[in-house]
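Enquirer: what would the 3D arrangement of this be:
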Amino acid sequence: MVTSPYTFVSTGETILYLDARPVFVDVEPSTRNLDPALLAPAITPRTRAVVTVSIAGHPCRAAEIAAIAKERGIPVIEDAAQAHGAEYKGRRVGSLGDRACFSFYAGENLGAYGACGIVVTSHDGDARTLKAQADAEATARESLALVHHQFELGAANYLALLNAERQAYQTKIGLVQAQAARFADTAALYQALRGGWWHRQGNIGKRSVQR
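Expert: Model (predicted):
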């Protein structure tokens with residue numbers, strides 16, 4: 001499985017968990033994402049998938065990568081753990097490949113309580129399989145959690161806690177969207193400064209704070 005070397009350890013670790021071998025393709029200096037120009041030579045008859053990474057919320061060049069993968073008849077799986085809400089050529093990250101994985105770990109820009117995530121796909125068969133697996137795992141976890149919370153807090157307090165967590169998560173989605181808009185404004189300002197008077201005067205890279 002071909003993927004990017006510039007990512008969190010879980011990307012390659014998941015491939016190893018499947019008894020597969022990660023094949024790393026170097027990244028573009030400008031985006032730190034997998035370089036499509038280097039992808040084709042890394043694909044062999046043994047390649048089963050391309051796993052892209054949109055690092056730090058910056059989308060990879062998904063259209064170019066998907067075209068190469070489609071020509072070779074292999075699927076594209078998006079590691080979108082850090083790219084909630086990001087867009088590439090008018091399309092949301094998560095809809096650019098055959099399947100995509102999002103992380104809601106507490107350290108992500110859209111974090112939840114504990115380690116959790118979501119998988120999205122455009123294939124009905126995959127969706128049914130994933131839902132069946134998730135339902136089975138969730139039933140086992142919820143049964144254990146319910147017993148524990150009923151013992152420690154009582155059923156009423158357990159339901160109130162779940163409701164509070166859901167409301168907090170809904171609020172955080174709005175905050176993440178507002179934060180993304182501020183980042184976009186800051187990036188636009190930076191790009192304007194690079195091409196404006198400040199750049200022409202040769203001030204890029206110099207300290208702007210006088211002591």
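Enquirer: which strands or helices does the strand or helix carrying Val120 pack on?
Expert: According to DSSP states H and E, Val120 maps onto strand 117-121. Other helices and strands packing on strand 117-121, by 3 or more Cβ pairs under 8 Å, 6 or more residues apart in numbering; DSSP states H and E, are strand 99-103, helix 124-152. For every residue, glycine as well, the C-beta is placed using N, CA and C.
Enquirer: endpoints of stretch 99-108, how far apart?
Expert: End-to-end distance for stretch 99-108, by Cα to Cα, to the nearest Å: 20 Å.
Enquirer: quick one: contacts of stretch 68-82?
Expert: 3, 7-8, 10-11, 36, 39-40, 43, 47-57, 62, 65-66, 86, 93-94, 96-103, 105, 108-109, 117 (Cβ atoms under 8 Å, 6 or more residues apart in numbering).
Enquirer: tell me where the chain has strands.
Expert: 2-3, 23-24, 50-53, 76-79, 87-88, 91-92, 99-103, 117-121 (DSSP state E).
Enquirer: any idea which residue sits dead centre in this structure?
Expert: Ala80 (1.7 Å; Cα atoms, centre = their mean).
Enquirer: of all the strands of the chain, which lies closest to Leu16?
Expert: strand 2-3 (11.3 Å; Cβ to Cβ).
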